[in-house]
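Engineer: Based on what follows, work out the 3D shape:
(one chain, ligands or ions: 1)
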Amino acid sequence: MKTPHFLIPQEAFQKRIPLIFEKAFFVPDRFDREAFAFPGWSHPSLFGNDHPLHVEYCSGNGAWIAEKAKQNPSVNWLAVEQKIGRGKQIFNKIHKEGLQNLIVLIGEGEESTRAFFPDGSLTEVYVNFPDPWPKRRHAKNRIVNPRFVKEMLRVLKTGGKITLVTDDIPYSEEMISTVGAFKEFVSIYPEPYYDKNPEDYGGSYFHSLWVSKGKEIRLHSFQKRT
Ligand SMILES: C[S@@+](CC[C@H](N)C(=O)[O-])C[C@H]1O[C@@H](n2cnc3c(N)ncnc32)[C@H](O)[C@@H]1O
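Structural biologist: Residues are numbered from 1 along each chain as shown. As a prediction, this is how the structure comes out:
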């Protein structure tokens, strides 16, 4: 299959208009919300069907989600990545491997979600190895924060799950306390509320890096109460 050019028109940057093209959804910084109407996940320019939707935030080069999309063709997968270069790597994987059920959203995760994702439209959410921002003064940049979790509550279906994976112990503790503060989410794992070094979860660039350095990987998973 021929890979289309990854070309974001200058206008989208200049006028800050979101754009859908060739299985990519580009959401510029400080986008003009009024200039774009989200067509819905089942629109032909997105998935073209209403299969369950699983979203991965902070997808990096997309290795984990591309593998999941291949293994689970009856699920729709959305990769959310804010760096354009990494979004392009995911775009190339989609087209080279002919992954009809994978779309890449290139943009900031929380803002894009708040602006466009309909209520109760996601079945599962994953955040794999989000940037840990280890310095105290930078911790406010962590994607897993109360605002983000509140958004996840809005966009997940009842019974839907959010899975968070990290090698960073302070971030793991913050994930547990942040999600745990929402009574609508219940941890799938009993105390200490994570699974250590889970097998068969799937691989990614950062997963391999931290495993090769002997770091402990923690997987947390919470379900939206029925
Ligand atoms: C440490 S990397 C992990 C990448 C991948 N999940 C892996 O395991 O290899 C974190 C990624 O999250 C992206 N990212 C960070 N904050 C984000 C946000 N708010 N919205 C979307 N992407 C974000 C970064 O650009 C980076 O590619």
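Engineer: Count residues in the vicinity of Gly159, would you?
Structural biologist: 10 (other C-beta atoms under 10 Å). The way it works is simple: take the backbone N, C-alpha and C, and place the C-beta from them, glycine included.
Engineer: Same check on Ser208?
Structural biologist: Residues near Ser208, counting by other C-beta under 10 Å: 11.
Engineer: Identify all contacting residues around the helix or strand hosting it.
Structural biologist: Ser208 is part of helix 205-212, with elements assigned from DSSP states H and E. Here helix 205-212 makes contact (C-beta atoms under 8 Å, 6 or more residues apart in numbering) with 60-61, 63-64, 128-129, 165, 167, 201, 217.
Engineer: what about Asp167, distance to Ala66?
Structural biologist: 21 Å (C-beta to C-beta, to the nearest Å).
Engineer: Between those two, which has more neighbouring residues?
Structural biologist: Ala66 (24 against 18).
Engineer: which bits of this protein sit near the ligand?
Structural biologist: Counting by C-beta under 6 Å from any ligand atom, the chain comes close to the ligand at 57-60, 80-83, 86, 108-110, 128-131, 143, 204-207.
Engineer: ok, the lengthiest strand in the chain: who's next to it in the sheet?
Structural biologist: As assigned by DSSP state E, the longest strand anywhere in the chain is strand 156-166. If you go by DSSP bridges, strand 156-166 pairs up with strand 122-128 (parallel), strand 218-224 (antiparallel).
Engineer: show me what contacts the residue in the chain that the ligand sits nearest to?
Structural biologist: In the chain, the residue that lies nearest the ligand is Gly60 (2.5 Å; C-beta to the nearest ligand atom). Contact partners of Gly60, counting by C-beta under 8 Å, 6+ apart, are 81, 86, 128-129, 204-206.
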